[in-house]
Structure formats: C-alpha cells, structure tokens
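*Asks:* give me the fold of what follows.
(4 chains)
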2 protein chains.
Amino acid sequence: MLVLVRSLMHFTYFLCMFSQIMGRSNTKLPLELIKNEKSRNVTFRKRKKGLMKKTYELNKLCDVQCSVIIYENKNGQLVRPDTYPENPEEVKQIIDRFVSKSAKVRKVENLADFFGKQIMQVKKETAKLHQRNNEARFPSWHDMLDDFSLDQLLALLKKLEHKIEDVHKHYDKQCVIDDSILRQTVCAFLFSSFNLFI
Amino acid sequence: MLVLVRSLMHFTYFLCMFSQIMGRSNTKLPLELIKNEKSRNVTFRKRKKGLMKKTYELNKLCDVQCSVIIYENKNGQLVRPDTYPENPEEVKQIIDRFVSKSAKVRKVENLADFFGKQIMQVKKETAKLHQRNNEARFPSWHDMLDDFSLDQLLALLKKLEHKIEDVHKHYDKQCVIDDSILRQTVCAFLFSSFNLFI
DNA sequence: GAGGCTATGATTAGAGT
DNA sequence: GACTCTAATCATAGCCT
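*Replies:* From the prediction side, this is the model:
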C-alpha cells in the first residue's frame, strides 16, 4: 500500500518536473551575487526571515545568547538594520561583550576621554593665566582677530556644523545615519580649535 | 541491475522505517530547551554551523553586510564567541554601526552637549578676560602660532570640510556609504590635526 | 512590496562508528 | 567530540495573485 502511494507520488513528481510548471527549478542556485535585482530582493527578504527564525530556534533550543545584525545594501540608502533580537537594547547587551574586547573601540572611546582631559587641562591653565597675568595684555590678540576673529572662527565652525547637519538631514530623510560620532568629532574639533586661542 | 539495487535500497529503507531504528523520528522537535545535555550540545553545534552557512550565503547572494555573534552557555565559563565573519575586526566594523546608535548614542550626544557647554563657558571667560585685560599678553600665543597659525587652522578647517564633501561625493557616486569609514576618516583627520596643536 | 503555492534541495534529529 | 547514515522536516526559488 505504502509502496503504491509512493509510486504514485513519484509519478506525479515526474509529471510536474517534466512539464516544468511549478516550484523550484531543478538546478541549484549558484552561490554568487544574484544579478536580477527583483529576485535578489525577494531572496533577501525570504532568507533574512529564515535566518532570523533559525537564530530564534537556536536561542530557544540550546539556551544560548545569539545576535544577528543585517544591513541591507539598498541603493543609496542607509537602512535601519534588521536584528535578532529585534529589541536594540538586547542586541546591544549581547554584542557589548564582544565590543568591549575590541581594542579599536576602546581607542575611539578614549578619544572622548582624551578631549575631556584636554578641557580640564586648558581650564586649569586658563585659571592660572587668569590669576597670574591679571593685568597681562593681548597685544596681538586684536591683530589676529582683525584677520580672523574668534567669533569668525566659531562662525566658520558653525558653518561646518551646519554642513554636517545638512548631510544628516539628507540621511534622516532616507533613514538613519549615525550622527553621534560626527557630532563628537565636530565638537571635539571645535574645542581643539578653540584651545588654540587660549 | 540498477533496478535491482534500487529495489534493495527501497526495501532497506522500508525496513528501517518500519523498525524505527534510523533517521529522524517522526515527531517534530518541540521548540523548547533540549533537556538532554548531550543531544543539546550536538544540536547546538549542528545548528550553529547551519546558521553560519546561511549567513554566509545571505552575504554572498544578496551582498549585504551581516554579522552573527553566538555565545555558548558553557557552565560558568567565558567562551570566545563564534561569529560571522570569523574575523573579529570585520564583526566589529559591522556592529559598530549598530553600537554607536544604541546606548552609546546617548553618551556621545551628552558628550556633544558637554563640549558645547565647555566651549560656551570658556568663551564667556575669555570674553571677560578680553574685556578686563584689554592689553593683556599671552606669552605662549605666538609660540603656538609659530607652529600653527590661524591660517593653518583655517586651512585645516577647510580640509575637514573638503573631506566631508569628498565623502558626500563618494556617497552620491556609489549610492552607498559606509559611515564607519566616514567616522574613521574624520576621526583620523581630527587626531592628526589635534596632534599638531599639542 | 506581501502573501500563497509547489517541488526541490537543504537541514538536521537520532542513532551508530 | 567528529564523522557517517537516513528520513522527516524545513527552507526556499520560481511561479502566481
């Protein structure tokens, strides 16, 4: 009986295969970039979903912390990443363990500290100068400012900041860019520039 | 001959199926923690491998940046995570985009405020000094500018502006931007600039 | 785009080596 | 553990709506 059913099934399979009217073609997909954009996008969505499901299952079945981050390569668009878990905070929690081990990241974080220290130092020095040279003079100060005043410099920096903000607006429209680091750099740069004047 | 072999094979299959001694059992695995530790570990290894493969395929087929991090729950031990890509630096590059957006964002944004406030404060104090000590003198002012003049500073600013524009152009051309590269560029430039000040 | 459909190929549970 | 084997189940390419 079972054999009969199997035979029938195989016959049906054969029919379908012969007529090539439905289902997956009988050639396997080569492991290379799918040229056709439409089918690439469809495949992307399907496989992404599948990957997330697999991740979820691995998480549940074996009780392991796992995280997936996927950035789609949409033409000219920066897209919010798809992640497992969907909650960004949970993802962060998982990858933090990884990130904290990366020396490079520490370097960048130290950048903040670095500038922070600079600020403290400059503040100290300013206080010293303030105290020590209470009646000191700035003979060249005005001369310098004639060509390029502090306000002008700050205005220039503002301009620069605006430019960067424009870029951000452009991105925000299309969705997402990490502006924090950029801000950090601008602020740090502002400060370092300002540092020169003190 | 072939038919004979096939028949034999099918017979064997049937036998095995009948006696339930081989292959996956005919009940589906429930989606919950696998209690048996041995089989849980086996499943973990198998599925981890499968997940990595899937990730690799998604990466190749659709040209998307994706990253997977898996921490095994070994009893009380800190285990090096399995990742895709295997190279930690590549993983870092991918998750950086994410990391900088989540919890760190707040930190860095506050940093921006911090620097902003500092700048305002210093500006005020400088203005005070400027007003009070109109003819005061900073002895090191010229020394500093000997190495790094205002014009040079202006040039630096322009350079930074250009760099950002370059990145922008690059974005327009390729329609894709890697903001970690942007960050790195700006950061590196900032570092080199700042080093000139010290 | 999101969803359904079907057949193919891939994955993998469970057992053994 | 890492490998094999097998079959049941799953995932998904290529269609369609």
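*Asks:* can you name the residue of chain A nearest to DNA strand D?
*Replies:* A:Gly50 (2.0 Å; C-beta to the nearest atom of the strand). In short, each C-beta sits where N, CA and C put it, glycine included.
*Asks:* wasn't that residue part of a helix?
*Replies:* Yes. Under the criterion used here (DSSP: H, G, I helix; E, B strand; the rest coil), A:Gly50 sits inside a helix.
*Asks:* and stretch A:25-44, anywhere near DNA strand D?
*Replies:* Yes. Stretch A:25-44 reaches DNA strand D (C-beta under 7 Å from any atom of the strand) through A:25, A:29, A:39, A:42-43.
*Asks:* what angle sits between the strand or helix carrying A:Val91 and helix B:88-99?
*Replies:* Element membership for A:Val91, per DSSP states H and E: helix A:88-99. For helix A:88-99 against helix B:88-99, the angle by axes from the mean of the first three to the mean of the last three C-alpha atoms, to 10 degrees is 150 degrees.
*Asks:* tell me what helix A:88-99 is packed against?
*Replies:* Identification of packing neighbours for helix A:88-99 by 3 or more C-beta pairs under 8 Å, 6 or more residues apart in numbering or on different chains; DSSP states H and E yields strand A:65-71, strand B:65-71, helix B:88-99.
*Asks:* picking that back up, counting neighbours, which of the residues of stretch A:25-44 next to DNA strand D comes out on top?
*Replies:* Counting neighbours by other C-beta atoms under 10 Å in any protein chain shown, A:Thr43 leads these with 17 neighbours.
*Asks:* report the residue spans of chain A with pLDDT below the cut-off.
*Replies:* Within chain A, the stretches with pLDDT under 70 are A:1-21, A:75-79, A:99-198.
*Asks:* switch to 80 and redo it
*Replies:* For chain A, the stretches flagged by pLDDT under 80 are A:1-23, A:25-27, A:73-80, A:96-198.
*Asks:* hmm, back to that, the helices and strands packed on helix A:88-99 into a markdown table, with extra columns for distance to A:Pro88 and mean neighbour count?
*Replies:* Output for the helices and strands packed on helix A:88-99, formatted as a markdown table (distance: least, C-beta to C-beta, whole Å; neighbours: other C-beta atoms under 10 Å in any protein chain shown):
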| stretch | distance to A:Pro88 | mean neighbour count |
| --- | --- | --- |
| strand A:65-71 | 10 | 23 |
| strand B:65-71 | 14 | 22 |
| helix B:88-99 | 8 | 20 |
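*Asks:* dump those into TSV; add distance to DNA strand D as well.
*Replies:* Shown next, in TSV, are the helices and strands packed on helix A:88-99 (distance: least, C-beta to the nearest atom of the strand, whole Å):
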stretch	distance to DNA strand D
strand A:65-71	13
strand B:65-71	13
helix B:88-99	20
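*Asks:* in CSV, list those along with distance to A:Pro81.
*Replies:* Output for those, formatted as CSV (distance: least, C-beta to C-beta, whole Å):
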stretch, distance to A:Pro81
strand A:65-71, 5
strand B:65-71, 9
helix B:88-99, 6
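*Asks:* for stretch A:33-53, C-alpha coordinates in PDB please.
*Replies:* Taking C-alpha atoms only, stretch A:33-53 is exported to PDB below (Å, rounded to 0.1, in the frame of the first residue of the first chain):
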ATOM      1  CA  LEU A  33      25.500  37.600  -6.200                       C
ATOM      2  CA  ILE A  34      22.000  37.400  -7.700                       C
ATOM      3  CA  LYS A  35      22.200  39.800 -10.600                       C
ATOM      4  CA  ASN A  36      18.500  40.400 -11.100                       C
ATOM      5  CA  GLU A  37      17.600  43.000  -8.600                       C
ATOM      6  CA  LYS A  38      14.000  42.000  -8.100                       C
ATOM      7  CA  SER A  39      14.700  38.400  -7.400                       C
ATOM      8  CA  ARG A  40      17.700  39.400  -5.300                       C
ATOM      9  CA  ASN A  41      15.400  41.500  -3.100                       C
ATOM     10  CA  VAL A  42      12.800  38.700  -2.800                       C
ATOM     11  CA  THR A  43      15.500  36.200  -1.900                       C
ATOM     12  CA  PHE A  44      17.000  38.700   0.600                       C
ATOM     13  CA  ARG A  45      13.700  39.100   2.400                       C
ATOM     14  CA  LYS A  46      12.900  35.400   2.400                       C
ATOM     15  CA  ARG A  47      16.400  34.300   3.600                       C
ATOM     16  CA  LYS A  48      16.600  37.100   6.100                       C
ATOM     17  CA  LYS A  49      13.300  35.800   7.600                       C
ATOM     18  CA  GLY A  50      14.700  32.300   7.600                       C
ATOM     19  CA  LEU A  51      17.900  33.300   9.200                       C
ATOM     20  CA  MET A  52      16.000  35.100  12.000                       C
ATOM     21  CA  LYS A  53      13.900  32.000  12.500                       C
END
